[in-house]
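sequence-free structure coming up:
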């Protein structure tokens, strides 16, 4: 019984991924793009910056899942690529009582920042 409670609680804690974006001043609206590339350094071709994107996930969510969600957000904005600019992930320890048993868990909560770009 305790195992089921812990399992259900861990699903609520770990499953969330979300991304948000802020358009840069003067950025026009673009039609959604079909594909978004991911860079950790600026690409070698000309581009313009169109938005800032922040992606975050729950406890122990992989960076890959967060980046995939950020790519979907960038697609909606019409971006051709995102450049990951900062990794602000944090170590987290949580504790609580479930079913009369003290439970302690820990892990990492990913938080990434990126620049959405459009090729010129």
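Cool, got the structure. These numbers were taken from a predicted model, which means no experiment stands behind them.

which strands and helices sit next to the lengthiest helix in the chain?
Longest helix in the chain, counting residues (DSSP state H): helix 63-77. When contacts are defined as 3 or more C-beta pairs under 8 Å, 6 or more residues apart in numbering; DSSP states H and E, helix 63-77 packs onto strand 17-23, strand 47-57, strand 81-87, strand 111-119. From N, CA and C alone the C-beta is placed, and that goes for glycine too.

can I get those strands in a markdown table with mean neighbour count, distance to residue 93 and mean pLDDT?
A markdown table is the format used below for these (neighbours: other C-beta atoms under 10 Å; distance: least, C-beta to C-beta, whole Å; pLDDT from 0 to 100):
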| stretch | mean neighbour count | distance to residue 93 | mean pLDDT |
| --- | --- | --- | --- |
| strand 17-23 | 15 | 21 | 97 |
| strand 47-57 | 20 | 17 | 98 |
| strand 81-87 | 18 | 20 | 98 |
| strand 111-119 | 21 | 17 | 98 |
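
Nearest to residue 34, out of these?
Shortest distance between residue 34 and these, using C-beta to C-beta, is found for strand 81-87: 12.6 Å.

now that closest one, how far from the chain's geometric center?
10 Å (C-alpha atoms, centre = their mean, to the nearest Å).

Check stretch 110-120 too.
11 Å.

Can you list the neighbours in contact with it?
21, 30, 43, 45-57, 61-63, 66-67, 70, 73-74, 77-90 (C-beta atoms under 8 Å, 6 or more residues apart in numbering).

try stretch 57-74
Against stretch 57-74 from outside (C-beta under 8 Å, 6+ apart): 13-21, 33, 36, 38, 51, 53, 55-56, 81-82, 84, 87, 89, 92, 94, 105, 107-112, 114, 116.

Starting from residue 97, give me the distance back to residue 108.
24 Å (C-beta to C-beta, to the nearest Å).

Touching, residue 22 and residue 51? I think so.
Yes - counting by C-beta atoms under 8 Å, residue 22 touches residue 51, with 6.2 Å between them.

Okay, and the beta partners of residue 57?
Following DSSP bridges, residue 57 is listed with bridge partners residue 17.
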